[in-house]
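Asker: have a look at this prediction, sequence included:
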Amino acid sequence: MENVQLLCENLQVLRDNLDIPIRVISGYRTPAYNKKINGAKRSQHMVAKAADIRVKGVSPRKIRSIIIGLIKKGEMHSGGVGLYKTFVHYDVRGRNARWYGRGV
């Protein structure tokens, strides 16, 4: 629950900054489901520290940029930010990690 709370608090910072709703398309995943969808073996989703998100009317590239800016300003928790074709992954792992996913 602590992980979910930290993640949600940080997603709320992003939502407040955007002033529009955020759609979480993937949050917590069981290890079995993560394996079924070929998720990373040590996925932050399996410990409730990650969310894949979309924001209507805002490109994933723009969302990624905003999140990284908020992390740099100390307004969001450091963590992973992955850019994918149709969504952005954000997690609160406590150290910065950046990557581009399939289709980008």
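Answerer: Right, received. Where do you want to start? Everything numeric in this text was worked out from a predicted model, so none of it was measured.

Asker: which ones are touching the spatially most central residue of the chain?
Answerer: Among the residues of the chain, the one closest to the centroid is residue 90, at 1.7 Å (C-alpha atoms, centre = their mean). Contact partners of residue 90, counting by C-beta atoms under 8 Å, 6 or more residues apart in numbering, are 10-11, 14, 50-51, 53, 67, 79-81. Placement of C-beta: from N, CA and C, glycine included.

Asker: by neighbour count, which of those wins?
Answerer: Neighbour counts for these peak at residue 50, which has 27 neighbours (criterion: other C-beta atoms under 10 Å).

Asker: isn't it up against residue 80?
Answerer: Yes - contact criterion C-beta atoms under 8 Å: residue 50 and residue 80 qualify, at 7.1 Å.

Asker: got any residues that touch both of the two?
Answerer: Going by C-beta under 8 Å, 6+ apart, residues that sit against residue 50 and also against residue 80 are 44, 89-91.

Asker: the strands in the chain, which residues?
Answerer: Along the chain, the segments classed as strands by DSSP state E run 23-26, 50-54, 80-83, 88-91, 97-100.

Asker: can you put these in a markdown table and add mean pLDDT?
Answerer: Shown next, in a markdown table, are those (pLDDT from 0 to 100):
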| stretch | mean pLDDT |
| --- | --- |
| strand 23-26 | 98 |
| strand 50-54 | 98 |
| strand 80-83 | 98 |
| strand 88-91 | 98 |
| strand 97-100 | 95 |
